[in-house]
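[1] the following comprises the amino acid sequence and a computationally predicted model.
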Amino acid sequence: MILRELGVQTAGTEAPLPNYHPVFAERFAEYSRVMREGLENMRKLVYAFYDQGFSFRKLTDKYPDLAGDITDCLSGDVNKDFSRLYAAVAETAEVPAPLPYGAPLPEQSAEIPA
């Protein structure tokens, strides 16, 4: 579900067409940014789920206005600002820092055979 939703959300980004030669990595930059943002948001929620000190029930009892954000993220609507949600999650669970990789390397290009 999340990958389908991310695919729909990134459909409007400029992705290189298969017949362009060569394909430069920087042409994937916006697509990569959108995908990483969504995956990081979901990753944080998964980390919280597996933290033994965390409870969705306790979180929504304390912050009922964040229940919609949890639902959005779990249903795949992951490309939005969840900073309030993760600030609340951080009160009882570790929220991981973003991973330092996943962006295209701008100095690389690849030739695609015709």
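    Done, it's in. Residues are numbered from 1 along each chain as shown.
[2] tell me the helices in this protein, going along the chain?
    2-10, 29-50, 56-62, 67-74, 83-89 (DSSP state H).
[3] could you find the closest non-adjacent residue to the residue sitting nearest the centre point of the chain?
    Per CA atoms, centre = their mean, the C-alpha nearest to the average position across the chain is that of G38, at 1.6 Å. For G38, ignoring the flanking residues on the chain, the nearest one in space by CB to CB, 6 or more residues apart in numbering is V78 at 3.7 Å. For glycine as for every other residue, the C-beta is placed from the backbone atoms N, C-alpha and C.
[4] tally of neighbours for that neighbour?
    When neighbours are defined as other CB atoms under 10 Å, V78 has 24 of them.
[5] read off the pLDDT value for it.
    We have a pLDDT of 93 for V78.
[6] distance-wise, check it relative to V89.
    15 Å (CB to CB, to the nearest Å).
[7] what does Y47 give?
    9 Å.
[8] between those two, what contacts are shared?
    Residues touching both Y47 and V89 by CB atoms under 8 Å, 6 or more residues apart in numbering: V95.
[9] of these two, who's got more company?
    Taking neighbours as other CB under 10 Å, Y47 and V89 compare with V89 leading, 24 against 16.
[10] centre of the chain to stretch 35-49, how far?
    6 Å (CA atoms, centre = their mean, to the nearest Å).
[11] can I get that stretch in PDB, CA atoms only?
    C-alpha atoms of stretch 35-49 as PDB (Å, rounded to 0.1, in the frame of the first residue of the first chain):
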ATOM      1  CA  MET A  35      10.300   8.600  -1.700                       C
ATOM      2  CA  ARG A  36      12.800   9.000   1.100                       C
ATOM      3  CA  GLU A  37      10.600  11.500   2.900                       C
ATOM      4  CA  GLY A  38       7.700   9.000   2.900                       C
ATOM      5  CA  LEU A  39       9.700   6.000   3.800                       C
ATOM      6  CA  GLU A  40      11.300   7.900   6.700                       C
ATOM      7  CA  ASN A  41       7.900   8.900   8.100                       C
ATOM      8  CA  MET A  42       6.700   5.300   7.900                       C
ATOM      9  CA  ARG A  43      10.000   4.000   9.400                       C
ATOM     10  CA  LYS A  44       9.700   6.200  12.400                       C
ATOM     11  CA  LEU A  45       6.200   4.800  13.100                       C
ATOM     12  CA  VAL A  46       7.400   1.200  12.700                       C
ATOM     13  CA  TYR A  47      10.200   1.900  15.200                       C
ATOM     14  CA  ALA A  48       7.700   3.300  17.700                       C
ATOM     15  CA  PHE A  49       5.500   0.200  17.200                       C
END
